[in-house]
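> attaching a predicted model along with its sequence, questions to come.
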Amino acid sequence: MKTSIKLLALLGVVTFFGCEKKEEAPKKPKNVILLISDGTGLSQISSAYFFKNEEPNYSRFENIGFIKTSSSKEDVTDSAAGATAFASGVKTYNGAVGVNSDSISVPTIVELVQDRGVRTGVVATSSIQHATPAAFYGHQVSRRYYEKLSQDLYNSDIDYFAGGGLRFFTKRKDSVDLYKKMEDKGFYMNTEALTNYDQIKDKSKAGFLLAETAMPKMQENRGDFLPKATQLGIDFLNNDKGFFIMVEGSQIDWGGHANDGPYAVAELIDFDNAIGKALDFAKKDGNTLVVVTSDHETGGFTLASTTKKDENGKEYSDYSEVDITFSTGGHSATLIPVFAYGPGAEEFKGIYENNDIFHKIMEVTGWKAKK
């Protein structure tokens, strides 16, 4: 009798553990869209909630963190060091593009994923050779080497790019027609306008250089270039093995440097529209991780109460109306928000170093090199 009871008890234990559900492994994203709003802190993001005529796309995120942005040698980073941290996972000195603190080249995410069949692209409202986009394909000791960075772009295996910077391909000191060389390499090239997807879907690579240097400001009728270039890049790069694209709202930073509130806000709203394109695709696709962040804050941008004068000429703060103020013409060292959506998004919560963005992307995708 006792033996039968023990046997039944044992069978019960086996049945319990046998029926227990196995914990499913976290889903790995196939695609990554990294959007960088240059020079954007929490106050710039907050401006969208006061000045955009519809709900900002930032509201669609549930996984939010913060990064510390200092470079390897300075408390306050510049865009080159900040972008190198994102693109290669290392802290470096201000001005460095794709090299470490010893000026030695470090592999970028674009280079690391190419052997996996992952297609890659960069989009910017600056010249495509500017610090942030350049850090994803280039390796130079100075961000000012625009012609050398154009050569780096030619030498890279990047599949899609859109922005300004034509002069560094066609009006070079070495007289090389790098634009023609890009065409000879198999790129569909265009200097007039973004096409629709049907015009480039059968091409292997595509490049759009739509300004001699930087793209025009939003206030100068740039239009929907950034959201459209983002959507076109997603459509063009999408494939069975995955894609990585970096999209930069470059000129939010320039509005901060100029202490020009309307300039910065117009660029921020345009960037938010590009976020919308990325999130719409990610929601429909289900296999795409979207990460939105910035390299640093610029201008000490603040949404303050509006200063007015009463009937006696005395100044007072009108708390019913916000105004934009600045505390510097340069960068600041404030913590920068990180927003994430899609498979692996929860890994981007918390407070961490800016170069951890790279490591988190490589980890959640499985793109990390095997030891």
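Great, that's in hand.

> helix, strand or coil: sort out Thr334 for me.
coil (DSSP: H, G, I helix; E, B strand; the rest coil).

> check contacts around it.
With contacts defined as CB atoms under 8 Å, 6 or more residues apart in numbering, the neighbours of Thr334 are 41-42, 297. Heads up, the C-betas are built off the backbone N, CA and C, glycines and all.

> gap between it and Trp367?
Using CB to CB, to the nearest Å, one obtains 30 Å as the distance from Thr334 to Trp367.

> what does Thr325 give?
42 Å.

> next one: Ile109
In terms of CB to CB, Ile109 sits 8 Å off from Trp367.

> the two: who's more crowded?
More neighbours surround Ile109 than the other of Ile109 and Trp367, with 26 against 18 (other CB atoms under 10 Å).

> what is the least confident helix or strand in the protein?
None of the helices or strands of the chain scores lower by mean pLDDT, DSSP states H and E than helix 2-19, at a mean of 51.

> show me what the helix or strand following it is packed up against.
Proceeding N to C from helix 2-19, the next assigned helix or strand is strand 31-37, under DSSP states H and E. When contacts are defined as 3 or more CB pairs under 8 Å, 6 or more residues apart in numbering; DSSP states H and E, strand 31-37 packs onto helix 79-88, helix 225-237, strand 243-249, helix 261-285, strand 288-293, helix 356-365.

> redo these as a markdown table? Include distance to Val118, mean neighbour count and mean pLDDT.
What follows is these, written out as a markdown table (distance: least, CB to CB, whole Å; neighbours: other CB atoms under 10 Å; pLDDT from 0 to 100):
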| stretch | distance to Val118 | mean neighbour count | mean pLDDT |
| --- | --- | --- | --- |
| helix 79-88 | 14 | 30 | 98 |
| helix 225-237 | 9 | 23 | 98 |
| strand 243-249 | 6 | 28 | 99 |
| helix 261-285 | 15 | 21 | 98 |
| strand 288-293 | 13 | 25 | 99 |
| helix 356-365 | 9 | 20 | 98 |
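
> re earlier: spit out the residues that contact Ile109 and Trp367 alike.
Here Ile109 and Trp367 share the contacting residues Ile361, scored by CB under 8 Å, 6+ apart.

> mind checking the SS state of Tyr137?
Secondary structure of Tyr137, per three-state DSSP, is coil.

> hang on, the earlier thing: output the helices and strands packed on strand 31-37 as TSV; include the columns distance to Val141.
Compiled in TSV, the helices and strands packed on strand 31-37 are given as follows (distance: least, CB to CB, whole Å):
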stretch	distance to Val141
helix 79-88	10
helix 225-237	29
strand 243-249	21
helix 261-285	29
strand 288-293	25
helix 356-365	20
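
> ok so, going back, which of the contacts of Thr334 lies closest to Ala131?
Ala131 lies nearest to Glu297 out of the contacts of Thr334, by CB to CB, at 15.7 Å.

> per-residue pLDDT, the closest one?
Note on Glu297: pLDDT of 98.

> quick check: it touching Gly256?
Yes. Glu297 lies in contact with Gly256 (CB atoms under 8 Å); the separation is 7.5 Å.

> residue contacts, the residue lying closest to Asp174 once chain neighbours are set aside?
Counting by CB to CB, 6 or more residues apart in numbering, Glu147 is the residue found nearest to Asp174 once chain neighbours are left out, at 7.3 Å. Counting by CB under 8 Å, 6+ apart, Glu147 touches 168, 172-174.

> so which of these are in helices?
Phe168 (DSSP state H).

> ChimeraX command for the buried members of the contacts of Glu147?
Of these, the buried ones go into a single ChimeraX selection, burial set by 16 or more other CB atoms under 10 Å:
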select :168,172
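
> just the contacts of Glu147 now: which is nearest Thr307?
Phe168 (43.8 Å).

> contacting residues around the closest one?
So Phe168 contacts 127, 129, 146-147, 149-150, 178 (CB under 8 Å, 6+ apart).

> and with 7 Å instead?
127, 129, 146-147, 150 (CB atoms under 7 Å, 6 or more residues apart in numbering).

> also Thr325?
302, 304 are the contacts of Thr325 under CB under 7 Å, 6+ apart.

> now swap in Tyr341 and tell me
With CB under 7 Å, 6+ apart, Tyr341 has these contacts: 60-61, 63, 279, 282, 290.

> so Val110 is in which element?
Following DSSP H and E, one finds Val110 within helix 109-113.

> tell me what that helix is packed against?
Packing partners of helix 109-113 (3 or more CB pairs under 7 Å, 6 or more residues apart in numbering; DSSP states H and E): strand 243-249.

> list of residues touching the helix holding Val110?
Taking CB under 7 Å, 6+ apart as the rule, helix 109-113 contacts 87, 120, 136-137, 156, 158, 244, 358, 361, 367, 369.
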